[in-house]
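Asks: Have a look; sequence and predicted model below, questions after that.
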There are 2 protein chains.
Amino acid sequence: MATLKEIAEKLGVSVGTVSKGLNGADDISETLRRSILDTAVEMGYTNSRTQKKIHRKMAVFIENMEYEDENSFGYEIVMGFRKAAHNAHWGVDIYPVTPAFQEENRYENFLLQMKYSGAFILGFSLGDPWMEQFHTASIPTLLLDNFIPENPSIGSIGTDSEEAFDMAVSHLSALRHEKIAFLNGSSGSLISDQRMACYLQSMLRHHLQVDPNLAIYGWYVADSAKYHVPGMIARGATAFLCGNDLIASGVISCCRELGFSVPEDISVIGFDDIPLAEELDPPLTTICQNRFELGKSGFYGLQSMTDHVPLSKSLLRPTLIVRSSTAIAKPRLPEPCEADQDSIIFKNPSLLARFT
Amino acid sequence: MATLKEIAEKLGVSVGTVSKGLNGADDISETLRRSILDTAVEMGYTNSRTQKKIHRKMAVFIENMEYEDENSFGYEIVMGFRKAAHNAHWGVDIYPVTPAFQEENRYENFLLQMKYSGAFILGFSLGDPWMEQFHTASIPTLLLDNFIPENPSIGSIGTDSEEAFDMAVSHLSALRHEKIAFLNGSSGSLISDQRMACYLQSMLRHHLQVDPNLAIYGWYVADSAKYHVPGMIARGATAFLCGNDLIASGVISCCRELGFSVPEDISVIGFDDIPLAEELDPPLTTICQNRFELGKSGFYGLQSMTDHVPLSKSLLRPTLIVRSSTAIAKPRLPEPCEADQDSIIFKNPSLLARFT
């Protein structure tokens, strides 16, 4: 890791000037400041070696995720992170960011200048400008539900999808469901693809047949259900796993409109356990991501990374919260129908090919 | 979580007596002491709530793994754990254990009595008496390279095998090897099975054909090579991935005895990067498990678990250390031969069926 002296030598300026550039002092030019930051990043300089215990701080960058309202998905994650950081005497600043903000500020320059030893990244999309920069970044960074291969400075954290689907499929299988459908969220996100793979593997582990027309990508909203549920019920589905609780709420409404009762005719399981889940009619059986503990674990993981642990993936246990939207399967005769255009085999043929 | 008072009420004794039982005081009978410990375990009592920061301590239990000699596999793992624990002001005690010790001492009783808030488990086999107890244990426990499903008090730590095999197969594929063999360690251990699955997946991701006769379980010793290498070379293997560095050393000797040069004729990659690896002739290209960081990460993971984080799996990045045992493939004509009796299809047919 580079020292201030090495950066100064490379640029032909004094150590004091480098220090000013890194600290955002006013009495050097903007051009020189940028050049100092760029050189520091290029040479792998990080804040960790110069910081005293008492001044250590981390940043949390959030995009596409609400966190200020108690009912929002990100609220407890941020609370958990803050709590664990506070107990270990680390400071935390929270930044809601946009793609435009990322375009304006290079990731590592921003962290260096603001004196952060590491950052926790929530809700970013694959197309975000910083995602590309994470491939070469050397400041400890932990991503929720995203993964950057081969860079030991960038780790990933999330809920163990394999165990989550095993719990849900076991529960439904014990209730004698065989035609278990999965209405996933949007395709093209890492977590959606992982969950699809875990669903397929879990069906195989439980010796249940996979019907490609019952393994479908939609969108992470309630409205997604109405485009897919009728066709999936026509194919014989008696139970639905859903990519999140909103989709599950849409599936319940859709079943009702089609004249089916939940759980008497159709069982439904959500994902996340947001506050809405227990207020649904019927209250939703769902896979709980423990968001407060995810946040705490984000801090612990990042803390280990600032101590040079090359964390790749850290996964937490999910919990299956059994409420009233699942019940023993009613035997039904499936009616044949045409293959659905959004079927997984159209969206992701290689994935399924590996399991059939 | 139970309190001393609840345990006392259940047993009809005083809180002071319960406290004596948990602290191993001399002035109560052995029968009563055991009964207090059993009840405390049954009621989910743990040490964490009663311990002051200054007295916190963890145990490390080691079996089937050398750790006292600097060159041994466990040495740096234990050092890393101790270092991170020391920095966070936790005490650590190390116990080499045997199955007999496990038979004599129930796992949680031992931890409660000795006042440990959690434990790190190294080198245990699936048949060990405590492995069964881990399914219901409620004291935070982290296992290296072993996994207990669905118990949120028991986590797993290891090196990311998926990335490890991707790095090794990419390296060999860039050197134009196509017939890449994998001589694994013993079958029936979780880590061996995971590595076999990762090898198969990685071959598929690199669009390389899997020959079941080149994906073989042996033993984690150098001698394992001589039973398998001749047949695998006859099947056209030009490169060997190995379950550990000892197996790789055996593969190199075996190639030499058969008249092949490493790396001119055959490339060899080990696993672990034990000190022996760079002393081999030629020095061994190998997948490095960063054992010091694994140990540190063991502490950080366990620390988060004592703070109620339900850690499932924590995986660290491997590093591919390129030395001189790998080189550009020589095109060779494979000679046909009979299928090997130890082939993966005999040992684990379901595994391969999923990938072909």
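Replies: That came in fine, so what should we check first?

Asks: Show residues contacting whatever helix or strand residue A:84 lives in.
Replies: Per DSSP states H and E, residue A:84 falls inside helix A:75-87. For helix A:75-87, contacts defined as C-beta atoms under 8 Å, 6 or more residues apart in numbering or on different chains pick out A:58, A:60, A:62, A:66-69, A:91-92, A:94, A:120, A:122, A:144, A:291-300, B:304, B:307. Yep, even glycine has a C-beta here, placed from its N, CA and C like the rest.

Asks: Stretch A:159-172 too?
Replies: By C-beta under 8 Å, 6+ apart, stretch A:159-172 touches A:180, A:191, A:194-195, A:198-199, A:201-203, A:205-206, A:208, A:239, A:241, A:267, A:269, A:271, A:285, A:287, A:289-290, A:294, A:315-318, A:320, A:322, A:326, A:329, B:149-150, B:312-313.

Asks: Going by neighbour count, which of the contacts of helix A:75-87 are buried?
Replies: In the contacts of helix A:75-87, burial by neighbour count holds for A:58, A:60, A:62, A:67, A:91-92, A:94, A:120, A:122, A:144, A:291-300, B:304, B:307, counting by 16 or more other C-beta atoms under 10 Å in any protein chain shown.

Asks: Can I take it that residue A:315 is in a strand?
Replies: Yes: under DSSP: H, G, I helix; E, B strand; the rest coil, residue A:315 sits within a strand.

Asks: partners of it in the sheet?
Replies: Beta bridges link residue A:315 to residue A:158, residue B:313, judged by DSSP bridges.

Asks: The residue nearest to residue A:291 when sequence neighbours are not counted and residue A:60: what is the separation?
Replies: Nearest residue to residue A:291, sequence neighbours excluded (C-beta to C-beta, 6 or more residues apart in numbering or on different chains): residue A:76, at 3.9 Å. Distance of residue A:76 to residue A:60, computed by C-beta to C-beta, to the nearest Å: 13 Å.

Asks: Same check on residue A:324?
Replies: As judged by C-beta to C-beta, residue A:324 and residue A:60 stand 36 Å apart.

Asks: same question, residue A:231
Replies: According to C-beta to C-beta, residue A:231 and residue A:60 sit 41 Å apart.

Asks: Compute the number of surrounding residues for residue A:236.
Replies: Here the number of neighbours of residue A:236 (other C-beta atoms under 10 Å in any protein chain shown) works out to 18.

Asks: wait, it sits on residue A:179?
Replies: Yes: at 4.5 Å, residue A:236 counts as touching residue A:179 under the criterion of C-beta atoms under 8 Å.

Asks: before we move on, back to that, out of the buried ones among the contacts of helix A:75-87, which sit inside helices?
Replies: Using DSSP state H, the subset of those located in helices is A:291-300, B:304.

Asks: can I get those residues in CSV with distance to residue A:215 and pLDDT?
Replies: Shown next, in CSV, are these (distance: C-beta to C-beta, whole Å; pLDDT from 0 to 100):
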residue, distance to residue A:215, pLDDT
A:291, 27, 93
A:292, 31, 95
A:293, 29, 96
A:294, 26, 97
A:295, 31, 97
A:296, 33, 97
A:297, 30, 97
A:298, 30, 97
A:299, 36, 97
A:300, 35, 97
B:304, 34, 96
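
Asks: Need those in JSON lines (columns: distance to residue B:227).
Replies: Below are these laid out as JSON lines (distance: C-beta to C-beta, whole Å):
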{"residue": "A:291", "distance to residue B:227": "51"}
{"residue": "A:292", "distance to residue B:227": "52"}
{"residue": "A:293", "distance to residue B:227": "47"}
{"residue": "A:294", "distance to residue B:227": "47"}
{"residue": "A:295", "distance to residue B:227": "51"}
{"residue": "A:296", "distance to residue B:227": "49"}
{"residue": "A:297", "distance to residue B:227": "44"}
{"residue": "A:298", "distance to residue B:227": "47"}
{"residue": "A:299", "distance to residue B:227": "49"}
{"residue": "A:300", "distance to residue B:227": "45"}
{"residue": "B:304", "distance to residue B:227": "43"}
